[in-house]
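*Asks:* show me the folded form of this:
(one chain, ligands or ions: 1)
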Amino acid sequence: AADQLNRRGHDVTVFERNDHIGGLLMYGIPNMKLEKWVIDRKQKVMEEEGVKFVVNADVGKTVKAADIVKDYDSVILACGASNPRDIKATGREADGIYFAVDFLTRSTKHVLTGKKDGWVDTKGKNVVVIGGGDTGNDCVGTAVRQGAKSVVQIEMMPKLPDERAANNPWPEWPRVCKTDYGQEEAIAVFGKDPRIYQATVKEFIADKSGKLKKVKLVKLEPKKDAKTGRLNMVEIPGSEFEIPADYVLIAAGFLGTQDYVAKAFGVKLNARTNVETAEGSYKTSVDKVFTAGDMHRGQSLVVWGINEGRHVAREVDEFLMGYTNLP
Ligand SMILES: Cc1cc2nc3c(=O)[nH]c(=O)nc-3n(C[C@H](O)[C@H](O)[C@H](O)COP(=O)(O)OP(=O)(O)OC[C@H]3O[C@@H](n4cnc5c(N)ncnc54)[C@H](O)[C@@H]3O)c2cc1C
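*Replies:* Numbers count the residues shown, from 1 in each chain. As a prediction, this is how the structure comes out:
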């Protein structure tokens, strides 16, 4: 959005709460998937073209939302949807439990600076990743490359078939088991798939000093809800078992946007805790405030972030000029 609006001739300032711009491309997606010089290069090009970047500026906390609204003709909220879903099991306070993006951020900072401060080093440790999605896979790959002793990935749902089922023909989205680079690397190092399906955490078990040592898991089975007809994953009584865990990385999904920014600007959220707009529009409930990216559509993909950035730039340009020639 900044790039498009700048090229159109507007003055654009990007506020970023972190020490580096780039969002999850910078701190989230691991270095082996996206090398960070790509972001630095893009930032330099945009700076030379006139975009201003202000880092360590947490809007709604260290920078007042009211000042931004007062000082600028238009505002785009593109703060992502990185509010992590927690696992509320007994022992959650144990030392050694991290949210996935915190762990990945600390790992990237270490890769870039070599500093050990804040780094979660899983070398020689037993690592349990909770969540079988793409973020969990990035955690598996990172732990494997750090030299973890064991890496286990817990997935609530049953394993998908290796090939399309008869009720899932082309051109439907293939509902088949995907083995991504992290899992492939785990298989290469440990000789087996790191995933345990149909299981969830019952308890985090720490030693006397509070350090995590084990995780108690319970097996799950799909059961139809009598009222709604929906399939729910329910615990199988007596199926608990324990596995060693020095570190647990929670990659159990995201719950929409962190609401302090939305509150600071007074914009309405929808039922999915994303910022509300009319269908096909990026305009929020507050005058001259727009939104785009994950903050608008929920956790998504980089291509959607780019697409929404371009569309919101178009709408903002039209709002400021009365017409637009942006694509
Ligand atoms: C671990 C992980 C791996 C992923 N891998 C892929 C992948 O391989 N391919 C793919 O297409 N997608 C991937 N995604 C998804 C993709 O990264 C996101 O969809 C995309 O980054 C969304 O862009 P965004 O700009 O909307 O939000 P974000 O990238 O989340 O950026 C939001 C930015 O706003 C900043 N911010 C938030 N609040 C404030 C505030 N109050 N003040 C100032 N700044 C603030 C944040 O610090 C952040 O820099 C991955 C996501 C994760 C979590």
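*Asks:* excluding its backbone neighbours, what's nearest F204?
*Replies:* G91 (3.5 Å; CB to CB, 6 or more residues apart in numbering). Quick note: C-beta positions are derived from backbone N, CA and C, even for glycine.
*Asks:* equivalent analysis for P84, please.
*Replies:* Per CB to CB, 6+ apart, closest to P84 is F99, 4.4 Å.
*Asks:* how about the residues of this structure near the ligand?
*Replies:* Listed as neighbours of the ligand in the chain under the rule CB under 6 Å from any ligand atom: 15-18, 23-25, 28-29, 33, 57-60, 78-80, 82, 101, 104, 134-135, 138, 261, 293-295, 300-303, 305.
*Asks:* now do the contacts for the nearest residue to Y282 once chain neighbours are set aside.
*Replies:* Counting by CB to CB, 6+ apart, Y282 lies nearest to V312, which is 4.0 Å off, once chain neighbours are set aside. Contacts for V312 (CB atoms under 8 Å, 6 or more residues apart in numbering) come out as 1, 76, 78, 282, 290-292.
*Asks:* tabulate those (TSV), appending pLDDT, neighbour count and secondary structure.
*Replies:* Formatted as TSV, the contacts of V312 follow (pLDDT from 0 to 100; neighbours: other CB atoms under 10 Å; DSSP: H, G, I helix; E, B strand; the rest coil):
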residue	pLDDT	neighbour count	secondary structure
A1	98	25	coil
I76	98	26	strand
A78	97	21	coil
Y282	98	26	coil
F290	98	25	strand
T291	98	29	strand
A292	98	26	coil
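*Asks:* please enumerate the strands of the stretch 101-250 of the chain.
*Replies:* Secondary structure of the stretch 101-250 of the chain (DSSP state E, counting those that start in this stretch): strands located at 126-130, 150-154, 195-196, 199-206, 212-224, 231-235, 241-244, 247-250.
*Asks:* tally up the residues packed near the residue nearest to G118 when sequence neighbours are not counted, please.
*Replies:* Excluding the flanking residues, the one nearest G118 by CB to CB, 6+ apart is R106, at 5.2 Å. Look at R106: counted by other CB atoms under 10 Å, it has 18 neighbours.
*Asks:* what does A264 give?
*Replies:* Neighbours of A264 using other CB under 10 Å come to 18.
*Asks:* you'd agree it is up against G60?
*Replies:* Yes - judged on CB atoms under 8 Å, A264 makes contact with G60 at a distance of 3.5 Å.
*Asks:* what helix or strand does N6 sit in?
*Replies:* Element membership for N6 (DSSP states H and E) is helix 2-7.
*Asks:* now K214: how far from E203?
*Replies:* 9 Å (CB to CB, to the nearest Å).
*Asks:* more neighbours: which of these two?
*Replies:* K214 (19 against 16).
*Asks:* ok, the residue of the stretch 51-200 of the chain found nearest the ligand - contacts?
*Replies:* For the stretch 51-200 of the chain and the ligand, the shortest gap (CB to the nearest ligand atom) falls at G80, measuring 2.3 Å. By CB under 8 Å, 6+ apart, the contact set of G80 is 23-24, 257, 293-295.
*Asks:* and the residues you listed, which is the shakiest by pLDDT?
*Replies:* Among the contacts of G80, T257 has the lowest pLDDT, at 84.
*Asks:* ok, V261 - contacts?
*Replies:* With contact set as CB under 8 Å, 6+ apart, V261 has these partners: 59-60, 65, 77, 79, 295.
*Asks:* before we move on, what SS does it have?
*Replies:* helix (DSSP: H, G, I helix; E, B strand; the rest coil).
*Asks:* same question for the one 3 residues further on.
*Replies:* Using three-state DSSP, the structure places A264 in helix.
*Asks:* L212 contacts R92, doesn't it?
*Replies:* No - assessed by CB under 8 Å, L212 is found out of contact with R92, at 10.2 Å.
*Asks:* which residues of the stretch 151-300 of the chain score low on pLDDT?
*Replies:* In the prediction, the stretch 151-300 of the chain carries no residues with pLDDT under 70.
*Asks:* residue of it with the smallest distance to the ligand?
*Replies:* For the stretch 151-300 of the chain, CB to the nearest ligand atom, closest residue to the ligand: G293, 2.3 Å.
*Asks:* picking that back up, redo the strands of the stretch 101-250 of the chain as CSV? Include distance to V120.
*Replies:* Formatted as CSV, the strands of the stretch 101-250 of the chain follow (distance: least, CB to CB, whole Å):
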stretch, distance to V120
strand 126-130, 10
strand 150-154, 14
strand 195-196, 21
strand 199-206, 16
strand 212-224, 12
strand 231-235, 29
strand 241-244, 17
strand 247-250, 7
